[in-house]
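Undergrad: sequence below, structure please.
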Amino acid sequence: MAEASNSFKNCCIICKLGFDSSEPAHVTEKGVRTLLNYSEKNKRTDLCEYLEWCPCTSSFQNILLHQDYSRDLPIPNDLENQ
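TA: Just a heads-up that it's a prediction; the model follows:
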């Protein structure tokens, strides 16, 4: 799991690319659940394992993604009204 813990450090959790000049979006609690749903549906076991293992999921501060992904990820029905 040490490999998974380093694979998303300082990069986008979806595409694993850096942020160049763009500002990353920080993930909220609802966002982590959306990402888990996304990773399960898209068979992204690396992402799913990281989100379930990552100690930063309790604070969400170190989970980053590009702004475009933040807007484009589908929100699961059970989270839409929260």
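Undergrad: state the distance from the nearest residue to Phe8 once chain neighbours are set aside to Asp20.
TA: Of all residues not flanking Phe8 in the chain, Tyr50 sits nearest, at 5.7 Å (C-beta to C-beta, 6 or more residues apart in numbering). Where C-beta positions appear, they are placed from N, C-alpha and C, glycine not excepted. Relative to Asp20, Tyr50 is positioned 22 Å away (C-beta to C-beta, to the nearest Å).
Undergrad: which one of the two has more residues nearby?
TA: Taking other C-beta atoms under 10 Å, Tyr50 and Asp20 do not tie; Tyr50 has more neighbours (23 against 5).
Undergrad: which strand or helix spans that one?
TA: Taking DSSP states H and E as the criterion, Tyr50 maps to helix 45-53.
Undergrad: residues in contact with the helix or strand following that helix: which ones?
TA: Next helix or strand after helix 45-53 toward the C-terminus (DSSP H and E): strand 64-65. With contact meaning C-beta atoms under 8 Å, 6 or more residues apart in numbering, strand 64-65 is reached by Asn10, Cys11, Cys12, Ile13, Ile14, Phe19, Pro24, Ala25, His26, Val27, Leu35.
Undergrad: strand 64-65: what's the following helix or strand?
TA: Next along from strand 64-65, by DSSP H and E: helix 67-72.
Undergrad: packing partners of that next one?
TA: Contact here means 3 or more C-beta pairs under 8 Å, 6 or more residues apart in numbering; DSSP states H and E; on that basis helix 67-72 packs against strand 25-26.
Undergrad: chain center to the strand it packs on: distance?
TA: 9 Å (C-alpha atoms, centre = their mean, to the nearest Å).
Undergrad: within its sheet, name the partner strands of it and how each one runs.
TA: strand 64-65 (antiparallel) (DSSP bridges).
Undergrad: right, I'll leave it there.
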